[in-house]
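1. Mind looking at a prediction? Sequence and model below.
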Amino acid sequence: MSGSIDYGRLMHRAMRGLIRDVLDDVAANGLPGEHHFFITLDTTRPGVQMADWLRERYPEEITIVIQNWFDDLAVDAEGFAITLNFGDRPEPLYIPYDAISTFVDPSVEFGLRFDSQNAQEEDAPMAEDAEPEDEPAKEAEIVSLDKFRK
C-alpha cells in the first residue's frame, strides 16, 4: 500500500463524475432554466473524436458551448457524444472526460478546472510496490468565471 492518500486523483475522479451526472441529466431532461456550459478540452487527448477540419482549426484546445442548440447528447462511463453547430454546420464530437480542462456553468457561477495530467496515471490504481512519481500531483481547483464574462 502506498504511503499516502492521493487526494488530487480522487478529487479529479469525483469532479469528472459530477460532470457525467450533470450531462446525463441534460441528456434525459434538457437544459433547465438559464443553465448552459462552456467546456474547454484538449483536442490532442486520445479518444477525442472530431471532424478533421475542426482539429486543423483547433489543434490543441477548443471551447464548446452547450446552450441553445445541441443534438444527440449521449453520456457513457468514459465521456460523451454530442452534435454541435459550427457555423450552420452540425458536427458530431466525442469527448472523453479526461480531455476536459474546464467546465463552467456561468448561469450559476459554477466552474471546475483540471490541471493537465496523464489520464492513465489519474485513473490507474497504484500497485502495492509502486513509488509515487517525483513530479507533484496536480490539484483540481475552481476556475474564475471572469474570462467567460462579456
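-> Structure received.
2. so residue 70 touches residue 82, yeah?
-> Yes: counting by CB atoms under 8 Å, residue 70 touches residue 82, with 5.6 Å between them. C-beta: built from backbone N, CA, C; applies to glycine.
3. give the contact list for the residue nearest the centre of the chain.
-> Nearest to the mean C-alpha position of the chain, by CA atoms, centre = their mean, lies residue 100 at 2.6 Å. By CB atoms under 8 Å, 6 or more residues apart in numbering, the contact list for residue 100 reads 16, 19, 39, 40, 41, 114.
4. Show me what the fourth one is bridged to.
-> When bridges are assigned using DSSP bridges, the partners listed for residue 40 are residue 63, residue 102.
5. burial count for it?
-> Neighbourhood size, residue 40 [other CB atoms under 10 Å]: 18.
6. which residues touch it?
-> By CB under 8 Å, 6+ apart, the neighbours of residue 40 are 61, 62, 63, 100, 101, 102.
7. Tell me where this structure has strands.
-> 37-42, 61-66, 70-75, 79-85, 90-96, 100-105, 110-114, 140-141 (DSSP state E).
8. now the first one and strand 90-96, what's the angle there?
-> Note on geometry: by axes from the mean of the first three to the mean of the last three CA atoms, to 10 degrees, strand 37-42 and strand 90-96 are set 70 degrees apart in direction.
9. For strand 37-42, what does the pLDDT average out to?
-> The average pLDDT for strand 37-42 rounds to 96.
10. If we go by neighbour counts, what in it is buried?
-> Under the neighbour-count criterion of 16 or more other CB atoms under 10 Å, strand 37-42 has 37, 38, 39, 40, 41, 42 buried.
11. Check the fourth one too.
-> Buried residues in strand 79-85, counting neighbours by 16+ other CB under 10 Å, are found at 79, 80, 82, 84.
12. returning to that earlier point: could the strands of the chain go into JSON lines alongside distance to residue 3?
-> What follows is the strands of the chain, written out as JSON lines (distance: least, CB to CB, whole Å):
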{"stretch": "strand 37-42", "distance to residue 3": "31"}
{"stretch": "strand 61-66", "distance to residue 3": "35"}
{"stretch": "strand 70-75", "distance to residue 3": "36"}
{"stretch": "strand 79-85", "distance to residue 3": "32"}
{"stretch": "strand 90-96", "distance to residue 3": "30"}
{"stretch": "strand 100-105", "distance to residue 3": "29"}
{"stretch": "strand 110-114", "distance to residue 3": "25"}
{"stretch": "strand 140-141", "distance to residue 3": "22"}
